[in-house]
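Engineer: need the 3D shape of this:
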Amino acid sequence: MRQGKSYIPCIRWKQGEYLALERLSPKARSSILPLFEVAEIGFDFEKQKENKSIDEHLSTFAKRVKKKWGTSECFVDLRHLDQTERMIDGEHPTNYTFVDLRSKGIVAIPVARIWQDTNNRKAISEIIGFDNRGLCIRISLDEISRPNIAEYLDKLLFEIDIDPKDCDFILDLDAPPNFEPLVGFANLLKGVVRDLPYLNIWRSFAIIGTSFPASLSGIKSGISYLPRYEWLLYKELAITLKKSSVRIPAFGDYVINHPEILNIDMRFLKPKANIRYTVDDRWLIARGENVKDYGYKQHQDLCNLIVNTREFYGASYSTSDQYIYDCAKGRAKTGNLTTWRRVGTNHHLEVVARDVSNFDVS
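Structural biologist: Numbers count the residues shown, from 1 in each chain. Model prediction:
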């Protein structure tokens, strides 16, 4: 991994997530190399069509990256956009995005996958040739387990015209249905990593995944805890690889999200108030009642529940912890769902950046 960069959070470019970035401490920022996923184009269920054109959707992305993250290095993945999408003038969205990022001085590295079409690879190849910043290759566990994965990788490298030493490699576990038994899963991954083509040649190597549920519907009101299996697995895997003198990947996750995109008509949902608060090897979930009927003021009670647990990191730990403390005391607004996604994301990034930096596998 880059000098000092030990944590790769996968951040879907939604408001709650990108607002969390600008509130990071300098220390956390110094440990993070983010993977930004351009969000999907939203769907207007009332009008039964996408609520934006591709031009409108991408027009603010680079500007917001610079405002919320700055010009520092980042990976950018457009995987949630339809590969057949084109700008109104016929330009490929990947090319448009990176030209815009380049114009703002952002050190952005494109992400490629083995199933991307020829046009996408051509656009990425042109970007790499112009920027000379290399490539990030992102592959799923199912893909890396194929017996002919070396052929797929060689084909990708050949078509984009790049050497493995100029590539960052991300093994994406996504959201496995079951992480346990952890030791067994770690041993399985040890074999996958050991047999990875060009393992010791890739410019950097990371593994990302999550155990955060797709829905909190089964979580009771009040305080509950969920294990952070991806972090527990990573620590077990790192120790296992160390013993065998196999290259240890950097750690990455999906922050406080599940990777699956749910295309739901929000007019018919009654989402419940919740605060997702990362603590050591777990998530603390403070959950209330639905906000349509009970409003957002219940977040003050949820904040009090968190502040009064022994897991609370203290108001001075991060801007989000200060916000939680102030909200509990009635000194901060109770916000909305986006506010609490921002708070939970910011706190999580601070905690994991610290934990990854302090993790010693020796």
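Engineer: helix, strand or coil for residue 189?
Structural biologist: helix (DSSP: H, G, I helix; E, B strand; the rest coil).
Engineer: helix, strand or coil for the closest residue to it other than its chain neighbours?
Structural biologist: On the basis of CB to CB, 6 or more residues apart in numbering, the spatially nearest residue to residue 189 that is not a chain neighbour turns out to be residue 237, at 5.4 Å. C-beta coordinates here come from the backbone N, C-alpha and C atoms, glycine included. Here residue 237 takes the helix state, with states given by three-state DSSP.
Engineer: likewise residue 20?
Structural biologist: Using three-state DSSP, the structure places residue 20 in helix.
Engineer: please apply the same query to residue 286.
Structural biologist: In terms of secondary structure, residue 286 is strand; the call rests on three-state DSSP.
Engineer: residues contacting it?
Structural biologist: 222, 223, 274, 275, 277, 302, 303, 305, 306 (CB atoms under 8 Å, 6 or more residues apart in numbering).
Engineer: give me the mean pLDDT for stretch 18-29.
Structural biologist: Predicted confidence along stretch 18-29 averages 96 (mean pLDDT).
Engineer: hmm, residue 191 and the residue nearest to residue 189 touching each other?
Structural biologist: No. Counting by CB atoms under 8 Å, residue 237 does not reach residue 191; the two are 11.2 Å apart.
Engineer: those two: which is more packed in?
Structural biologist: For the pair residue 237 and residue 191, the greater number of neighbours falls to residue 237 (25 against 11), based on other CB atoms under 10 Å.
Engineer: which ones are touching that one?
Structural biologist: With contact set as CB under 8 Å, 6+ apart, residue 237 has these partners: 186, 189, 190, 193, 207.
Engineer: what count of nearby residues applies to the first one?
Structural biologist: Think residue 186. With neighbours defined by other CB under 10 Å, the count for residue 186 comes to 20.
Engineer: does it belong to a helix, a strand or coil?
Structural biologist: Taking three-state DSSP as the rule, one finds residue 186 in the helix state.
Engineer: the bottom helix or strand of this protein by mean pLDDT?
Structural biologist: For the chain, using mean pLDDT, DSSP states H and E, the weakest element among its helices and strands is strand 43-44, scoring a mean of 52.
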